[in-house]
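In: Pasting a predicted model and its sequence here:
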Amino acid sequence: MNIEVINMCLGIPGKIIEIKKNVAKVELGGLLRDVSLDLCPEVSVGDYVLIHTGFAIQRMDEEDAKETLDLLRQMAESI
Amino acid sequence: MKFIDEFRDKEIARGLIQRIRETSTRPIQLMEVCGTHTVSIFRYGIRGVLPEHIRLLSGPGCPVCVTPNADIDFAIALTREKDVILVTFGDMMRVPGSTSSLQKEKARGGDIRIVYSSLEALTIARENPGKRVVFLAIGFETTSPTIAVAILRAREEKLRNLFFLNSQKQVPPALHVLLQSKQVRIDGFILPGHVSVILGTEPYRFVAEEFARPGVVTGFEPLDILQGIWMLVKQIEEGQHTIEIQYGRVVHKEGNPLALSKIHEVFETDRAEWRGFGWIPESGYRFREAFREMDARKFDIEVEPSIEHPECLCGEVIRGVKSPLECRLFKVACHPENPIGPCMVSVEGTCATYFKFS
């Protein structure tokens, strides 16, 4: 990725592959990137986290995402 | 679950569009606060699928765009000091100040380094002990905790040559100004998803309680935006006004308390100058006493008097009062190759988005 064109506001979900102390190796669109866990320490390998300027800022909640999608799918099918 | 493609499903999008069309009966104006929302709305053609009477306004949520000329001029003046390395996010490079830009200063030999993360500034400071390294700290609540962590680490390491030019902003006070000024009618807010990951929903309570307007914290994929709009339309049609969360997979009511505590450990709330708004009370930060030695504003340097381009409408565009199409410079004198205002520079600036997609 060309950092000159990265939008600093962007938050991107990435999957944690490995954790060493407070740094996680995260898979981001096929690339591996080191991400600080200073702001989101309670995560495990396999979790998805939202990444902003090199920091994980929140764990992604898979249950919530599934519930939302199920609800919306039911709604779309009922039309 | 990859948390991206699932939220681009066409069938579900069709269902949501139909729900919005069935529910919405009256003309409304919704403001998407965040520039990343503006980009998604254009990229996925969302304006085109909404009923004509639902109008979307772009708001002030682009940190590059709201950085005032005075701060850019200060950063430019810093780069002219022989012993200073200026460290910045890439977005700021091409933003015009009063008479120059960081990119022009770099071409003239200024030592300016582009980073992706605030932590890289620490590395640069460690590697250059004879230099004063200044990080240009811009951003909203999403970015502020990452800057606070860098400051806390610098203090832990006793890095004496790292400084911060603080131009950070808090989003909710700007929404307060927009609602109070009544220059533009806003019937509801598509609230910024990633700012709210940190903030939670409490800081937006005034939107509902003081101004009787609904707000929905919304994600950035097409289904997120359509669902957010649907939730707003439902509230408006039912005469409700509460702050809801559409983006529940990553936003919680209480935000990220650890991140908030980092901000509060380093900074206290202060007024801030915004392009397009002027000074807004309680919309920025100043260093707490214990960290003031890292404040680059105390440097004794000469900064040129700040001037604005007389015809640039960036300020009005940021407030949602004018559209880029109403600007005489848009596409004529001002385009991404030669931006006159910051709204044409940032990839999430409203003018740049209009240029790219219109």
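Out: That came through fine.
In: List, one by one, the residues from chain A near chain B.
Out: Contacts of chain A with chain B, taken as CB under 8 Å from any CB of the partner chain, map to A:3-11, A:13, A:36, A:38-41, A:48, A:50, A:52-55, A:57-62, A:64-66, A:68-69, A:72-73, A:75-77, A:79. The way it works is simple: take the backbone N, C-alpha and C, and place the C-beta from them, glycine included.
In: Please identify which helix or strand holds residue B:122.
Out: Element membership for residue B:122, per DSSP states H and E: helix B:119-127.
In: cool, and residue B:65?
Out: With DSSP H and E as the criterion, residue B:65 is inside helix B:63-66.
In: OK, contacts around residue B:120?
Out: A:54, B:87, B:113 (CB atoms under 8 Å, 6 or more residues apart in numbering or on different chains).
In: And residue B:133, by the same measure?
Out: By CB under 8 Å, 6+ apart, residue B:133 lies in contact with B:84-85, B:87, B:121, B:124-125, B:161-163.
In: And residue A:10, by the same measure?
Out: With contact taken as CB under 8 Å, 6+ apart, residue A:10 is in contact with A:52, B:36.
In: Strands along the chain, start to end?
Out: Picking chain A for this. Here chain A has its strands, by DSSP state E, at A:12-20, A:23-28, A:31-36, A:48-52, A:55-59.
In: not quite, I wanted chain B
Out: Under DSSP E, chain B gives strands at B:28-34, B:54-61, B:84-89, B:112-115, B:132-139, B:162-168, B:188-192, B:215-218, B:243-245, B:267-274, B:278-287.
In: Just put these in TSV and tack on distance to residue B:336 and mean pLDDT.
Out: TSV is the format used below for the strands of chain B (distance: least, CB to CB, whole Å; pLDDT from 0 to 100):
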stretch	distance to residue B:336	mean pLDDT
strand B:28-34	20	97
strand B:54-61	17	95
strand B:84-89	18	97
strand B:112-115	18	97
strand B:132-139	20	97
strand B:162-168	23	98
strand B:188-192	24	98
strand B:215-218	27	98
strand B:243-245	34	98
strand B:267-274	23	98
strand B:278-287	27	98
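In: ok now do residue A:19, which residues does it touch?
Out: A:25, A:37, A:43-45.
In: Apply 10 Å and report the result again.
Out: Residues in contact with residue A:19, defined by CB atoms under 10 Å, 6 or more residues apart in numbering or on different chains, are A:25-26, A:35, A:37, A:41, A:43-45, A:47.
In: what does residue B:194 give?
Out: Applying CB under 10 Å, 6+ apart, the residues near residue B:194 are A:9-11, A:50, A:52, A:57-58, B:34, B:36, B:61, B:140-143, B:217, B:219-220, B:247, B:250-251.
In: Now do the contacts for residue 29.
Out: I'll assume chain A. Going by CB under 10 Å, 6+ apart, residue A:29 touches A:1, A:12-14, B:2, B:4.
In: wrong one, I was asking about chain B
Out: B:53-57, B:184-188, B:320.
In: how does it look with 7 Å?
Out: Counting by CB atoms under 7 Å, 6 or more residues apart in numbering or on different chains, residue B:29 touches B:55, B:57, B:185-187.
In: Could you do residue A:58 as well?
Out: Each residue near residue A:58 by CB under 7 Å, 6+ apart is listed here: A:40, A:49-50, B:197, B:250, B:256.
In: I'd like the residues you listed as CSV, with distance to residue B:129, neighbour count and pLDDT appended.
Out: Converted to CSV, the contacts of residue A:58 look like this (distance: CB to CB, whole Å; neighbours: other CB atoms under 10 Å in any protein chain shown; pLDDT from 0 to 100):
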residue, distance to residue B:129, neighbour count, pLDDT
A:40, 32, 24, 98
A:49, 34, 26, 97
A:50, 35, 24, 97
B:197, 36, 25, 98
B:250, 40, 26, 98
B:256, 34, 25, 98
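In: What is the neighbour count of residue 46?
Out: I'll assume chain A. Neighbourhood size, residue A:46 [other CB atoms under 10 Å in any protein chain shown]: 8.
In: if you could check chain B rather than the one you did, that'd help
Out: When counting by other CB under 10 Å, one arrives at 19 neighbours for residue B:46.
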